[in-house]
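**Q** Got a sequence here, can you model it:
(one chain, ligands or ions: 1)
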Amino acid sequence: MKHLDQQRVLLVHPLGYQTSAAKADIARKANLMPPLGLASIAAYLEERSKKADIIDCFAFPMTAERRLKTYLELLKPAWIGFSCTTSSFLDGVRLAALAKEVLPDIRTFCGGPHVSALREKLLVDYPEFDYLVVGEGEETLFQLMDKPENGPTIPGLSFWNAAGKAEFSGFREIGIELDSLPFPAYEKLTGFPKTYRLPIFNYPKAPNTSCISSRGCPYSCSYCDRSVFRRTFRYNSAAYLYRHLEYLKNRFGIRHVNFYDDQFTFNRERVTELCQLLQARPLDMTFNCAVRAEHVDGAMLEMMKKAGCWMISLGIESGDAELLSRHRQKVDLDFMAEQIHLIKKTGIRVKGLFMVGLPGETTESVKLSINYLKSLPIDELNVAKFTPFPGSPLYENIHSFGSFNEEWEKMDCMSFQFIPEGLTNEKLEKLFLEFYQAHFKRPRTLLNYITMLKHSPDSWLRFIANLSSFLRFARHSDSRMLK
Ligand code: SF4
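**A** Residues are numbered from 1 along each chain as shown. I've put the predicted structure just below:
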C-alpha cells in the first residue's frame, strides 16, 4: 500500500463493448461527447491538491487498455475510478479487475447513473469495486481520498463494512453549489477539443463541445432515470456561464457549444441575463440547448437568437397524446406544435427527440408519432429505442408491460431490449426504420441538408469522409428490416 501514490487517482471512461467492435460503431463516428463529469471531478480534486488524470477509452478504444496499464505501472495511483452507464458497467468491472491485477492494493470505485440506481446491491455482485459513488462525485471522492478511514461517514458511498457486508452511507443531502466548481479539466482529455465531435449537422462551426450548466430536472417522466441528482435542480448563474464560455473560447478556440442540460431555459431570468451578457460582450460563439415547450416564449426566443442560439432540441417522445400522458406531465401536442413553429419562425433550428417502444406502444401509436412528425417543421430528428434503465420509475414493474431482456451491455438504446405487449422486435425495428424514412424522404429535409453546405460545411466534410461507413450501416439496417 505504501508504494502507491495516495494523492493520485486515475479516472476512466470505459468503452462499454469489445474494442474490436469500436471501428464499426457508427454512433462513435457521428457523435463523440467528452466525459464532462470526469473532467469536473478531476478539476475539483486538483484544486484541492490531489492529482487526477483521465483515460477516455471511448474516444481512444484501440490504445486505451495499453495506456491504462502503463499509467498504473509508472505512476502507481492508489485510486482508480470509473464512470459507467448501464451498458458500460460490465466493461468498468473488467477494467477494475485488470487494475487490481497490475496493482493489487489499488482501491477501485465506480460512479454514474447505473451505480446510483442500484447502489450496494451491485457491490455484492461485483466485488471488483471497493466503493460505489452514489450521486454527484466531487465532494464524495475528495473526502474519500483525503481520509479513507472516514468512508462509512462520508455521504454518497456504498462500501464494505468491517464485517465484510455491503453498506450505503446515505444520500448527500445538499448538492454542491455549482458556481463554486472550477471549470472542468478539459485539458486532461487527450486531444480536446478536436478528439470530440457533436452529431453531424448539429452545429455550424468547429471546434465545438458540449458544456453542462445545470444538474438535475424538476420533472419526473416515467422513462427517465434521475438517480444521480435525484429531485434536485441547480444551475450556474449567467455570470459564471458567460465566464465558462469565454474560457472555452480563449483557451481552446471553441466556436460552438451544445448545452447538455435537461432544462436550459427553466429559469427565465438566467437566460435573459446570459443573452444580455452575450450581446453586450459578444464571444462570436453559437449554441444549442434543450428545452421543454412550456419554458420558451416569443420574446425569449428572439433574445436567444440574437445571443447566438443555433438549434433547440425538444423531447417530444410520441405523437400519441394518450400514450404520452401515461408517461409524462403536461401533455399538449397542439401547444408543442405551436412552440416548434415559433422557434422556427425565430430562425432557430429544431431537433425533435422521439422514442419508440414505451409501455403501451402499438403499431397505431407509432403511426400517430410519424404523422405528427410529418406535420412539424423539424430539422433534425433523433428516435431512441426505449430502454428501461434501473432507476427510472418504469423499471420497477417493467415486466408487467411486456418482455424485457435485462442484458446490461445491450441497454444502449440502439436495440429493443423491451418489447411492449402485442409487438415483436421485428415489428418495432420496421416501425423504427419507417420513422427515419418518413423524415429523410421529406423534400424539406433534403433541402435542409443542402443548405447545410453553407451553414455547417464541417458536417458535410465529416459526412463525406465517413460516407462508406454510413452507407454500410444504412444497407445493413435495410437488409435486416427486409428479413
Ligand atoms: S425526460 Fe427530461 S423532462 Fe423528463 S424527467 Fe427526464 S430530464 Fe426531466
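
**Q** who in the chain is up against the ligand?
**A** Contacts of the chain with the ligand, taken as Cβ under 6 Å from any ligand atom, map to C217, Y219, S220, C221, C224, R226, D262, G315. Quick note: C-beta positions are derived from backbone N, CA and C, even for glycine.

**Q** Including neighbour count, distance to D53 and secondary structure, could those go into TSV?
**A** What follows is the residues of the chain next to the ligand, written out as TSV (neighbours: other Cβ atoms under 10 Å; distance: Cβ to Cβ, whole Å; DSSP: H, G, I helix; E, B strand; the rest coil):
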residue	neighbour count	distance to D53	secondary structure
C217	18	31	coil
Y219	17	36	coil
S220	12	37	coil
C221	17	36	coil
C224	17	32	coil
R226	22	30	coil
D262	21	29	coil
G315	20	35	strand
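
**Q** In JSON lines: these, plus pLDDT.
**A** Shown next, in JSON lines, are the residues of the chain next to the ligand (pLDDT from 0 to 100):
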{"residue": "C217", "pLDDT": "92"}
{"residue": "Y219", "pLDDT": "92"}
{"residue": "S220", "pLDDT": "90"}
{"residue": "C221", "pLDDT": "95"}
{"residue": "C224", "pLDDT": "95"}
{"residue": "R226", "pLDDT": "89"}
{"residue": "D262", "pLDDT": "92"}
{"residue": "G315", "pLDDT": "97"}
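
**Q** Throw the residues you listed into CSV and include distance to K344, thanks.
**A** What follows is the residues of the chain next to the ligand, written out as CSV (distance: Cβ to Cβ, whole Å):
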residue, distance to K344
C217, 25
Y219, 24
S220, 29
C221, 25
C224, 26
R226, 30
D262, 22
G315, 17
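
**Q** give me the number of residues near the spatially closest residue to G175 that is not a sequence neighbour?
**A** Excluding the flanking residues, the one nearest G175 by Cβ to Cβ, 6 or more residues apart in numbering is T232, at 4.9 Å. A count of nearby residues for T232, using other Cβ atoms under 10 Å, gives 16.

**Q** Any stretches of the stretch 351-483 of the chain with poor pLDDT?
**A** In the predicted model of the stretch 351-483 of the chain, residues 473-483 satisfy pLDDT under 70.

**Q** closest point of it to the ligand, which residue?
**A** S392 (8.8 Å; Cβ to the nearest ligand atom).

**Q** Hmm, S220 and that residue touching each other?
**A** No - counting by Cβ atoms under 8 Å, S392 stays clear of S220, with 9.8 Å between them.

**Q** what do the two both touch?
**A** Common neighbours of S392 and S220, using Cβ atoms under 8 Å, 6 or more residues apart in numbering, do not exist here.

**Q** Can you tell me the element A52 falls in?
**A** strand 51-56 (DSSP states H and E).

**Q** Toward the C-terminus, what is the element adjacent to that strand?
**A** Counting by DSSP H and E, what follows strand 51-56 is helix 64-75.

**Q** what's that next one packed up against?
**A** If contacts are counted by 3 or more Cβ pairs under 8 Å, 6 or more residues apart in numbering; DSSP states H and E, helix 64-75 sits against strand 5-13, strand 51-56, helix 89-102.

**Q** got the contact list for the residue of the stretch 351-483 of the chain closest to the ligand?
**A** S222, Y223, C224, D225.

**Q** neighbours of E73, just the number please.
**A** 10.

**Q** and it, how far is that from A42?
**A** Distance, E73 to A42, by Cβ to Cβ, to the nearest Å: 21 Å.

**Q** SS state for N250?
**A** At N250 the chain is in helix, as set by DSSP: H, G, I helix; E, B strand; the rest coil.

**Q** quick one: it from the ligand, how far?
**A** 31 Å (Cβ to the nearest ligand atom, to the nearest Å).

**Q** Could you check how many residues crowd around that residue?
**A** By the measure other Cβ under 10 Å, the count of residues near N250 is 10.

**Q** Same question for the one 4 residues further on.
**A** Burial of I254 is recorded as 22 neighbouring residues (other Cβ under 10 Å).

**Q** Ok, the one 10 residues further on next?
**A** The local packing of F264 (other Cβ under 10 Å) involves 26 other residues.

**Q** Number the residues from 5 up from this point.
**A** All set: I'll call the first residue 5, so the last point we hit is now F268.

**Q** quick one: contacts for the closest residue to it other than its chain neighbours?
**A** Residue nearest to F268 in three dimensions, not counting chain neighbours: C293, with 3.6 Å by Cβ to Cβ, 6+ apart. By Cβ under 8 Å, 6+ apart, C293 lies in contact with N262, F263, D265, F268, T269, C313, I316, S317.

**Q** same deal with S369?
**A** Counted by Cβ under 8 Å, 6+ apart, S369 has contacts S322, G323, D324, L327.

**Q** Of these, which is the most crowded?
**A** S322 (26 neighbours).

**Q** how about it, phi and psi?
**A** phi -150, psi 150 (degrees, to the nearest 10).

**Q** again with the one 4 residues further on
**A** The phi and psi values for E326, taken as degrees, to the nearest 10, are phi -70, psi -50.

**Q** which residues of the protein score low on pLDDT?
**A** 5-6, 24, 26-28, 477-487.

**Q** at 50 what do you get?
**A** 483-487 (pLDDT under 50).

**Q** what's near enough to touch L161?
**A** By Cβ under 8 Å, 6+ apart, the residues touching L161 are Y135, L136, V137, V138, T144, L148, G155, F172, S173.

**Q** neighbours around E400, how many?
**A** E400 has 11 nearby residues by other Cβ under 10 Å.

**Q** How much space separates it from D60?
**A** 33 Å.
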